[in-house]
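A.B. asks: generate a structure from the sequence data that follows.
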Amino acid sequence: MSAFDDAIAGAMDTARSVAGRSVGFRRPSSGQSVQIVAVVGETRFEAGELYGDIVLAQKRRDYIVAAEDLKLGGEQVRPEAGDEIVEVRDGVRHVYELMDLGTEKHYRELADGRHLRLHVKYVGTEP
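C.D. replies: Down below sits the predicted model:
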């Protein structure tokens, strides 16, 4: 890794220790899940021109995670569309589904190659 990559990885590790929260990462298709530490973020994207100069812009919640933490059944996995993040806030389990963001995939690697930004959409709560 370059010095730049090392600096980004160090900054992300610090962000995880200061602002990280425990969330569940699960794959509904297999029923497997794992608890991981994630930093909540958001991505702004534009949905293209609607009427001349009017452009619809949206914000979507993200979770930034260490790629090495994504292990299901003891095996390292890559995120798949349809995977879910479960975050408990105020005693309520909020469920977010990984999905594509406009023309961007449901996740992307950060510059350090060790962290992933997971794009999600809120789908509801569960007991």
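
A.B. asks: so, low pLDDT: which residues of the protein?
C.D. replies: Under the criterion pLDDT under 70, the flagged ranges of the chain are 1, 4-5, 7-19, 45-52, 55-57.

A.B. asks: strands along that one, start to end?
C.D. replies: Along the chain, counting by DSSP state E, strands occupy 21-27, 32-51, 54-66, 71-72, 75-76, 84-89, 92-98, 107-109, 115-126.

A.B. asks: now the ones you listed in CSV, with distance to D6 and mean neighbour count?
C.D. replies: All C-beta atoms are positioned from the backbone trio N, CA, C, and that covers glycine. Converted to CSV, the strands of the chain look like this (distance: least, Cβ to Cβ, whole Å; neighbours: other Cβ atoms under 10 Å):
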stretch, distance to D6, mean neighbour count
strand 21-27, 25, 18
strand 32-51, 19, 13
strand 54-66, 15, 16
strand 71-72, 24, 14
strand 75-76, 22, 9
strand 84-89, 28, 16
strand 92-98, 28, 17
strand 107-109, 16, 17
strand 115-126, 13, 17
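
A.B. asks: for A3, find the nearest of those.
C.D. replies: Nearest to A3 among these is strand 115-126; the distance by Cβ to Cβ comes to 17.0 Å.

A.B. asks: need the residues that contact the closest one.
C.D. replies: Contact with strand 115-126 is made by 9, 12, 38, 41, 43, 60-67, 70, 79, 84-86, 92-101, 104-110, as judged by Cβ atoms under 8 Å, 6 or more residues apart in numbering.

A.B. asks: can you list the strands of the chain in TSV and add distance to S2?
C.D. replies: Below are those laid out as TSV (distance: least, Cβ to Cβ, whole Å):
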stretch	distance to S2
strand 21-27	29
strand 32-51	22
strand 54-66	19
strand 71-72	27
strand 75-76	23
strand 84-89	30
strand 92-98	29
strand 107-109	15
strand 115-126	15
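
A.B. asks: what number of residues lie near P79?
C.D. replies: Neighbour count for P79, taken as other Cβ atoms under 10 Å: 23.

A.B. asks: beta partners for the closest residue to it other than its chain neighbours?
C.D. replies: Leaving aside its sequence neighbours, P79 sits nearest to Y107 (Cβ to Cβ, 6 or more residues apart in numbering; 4.5 Å). In this entry, Y107 is beta-bridged to L118, by DSSP bridges.
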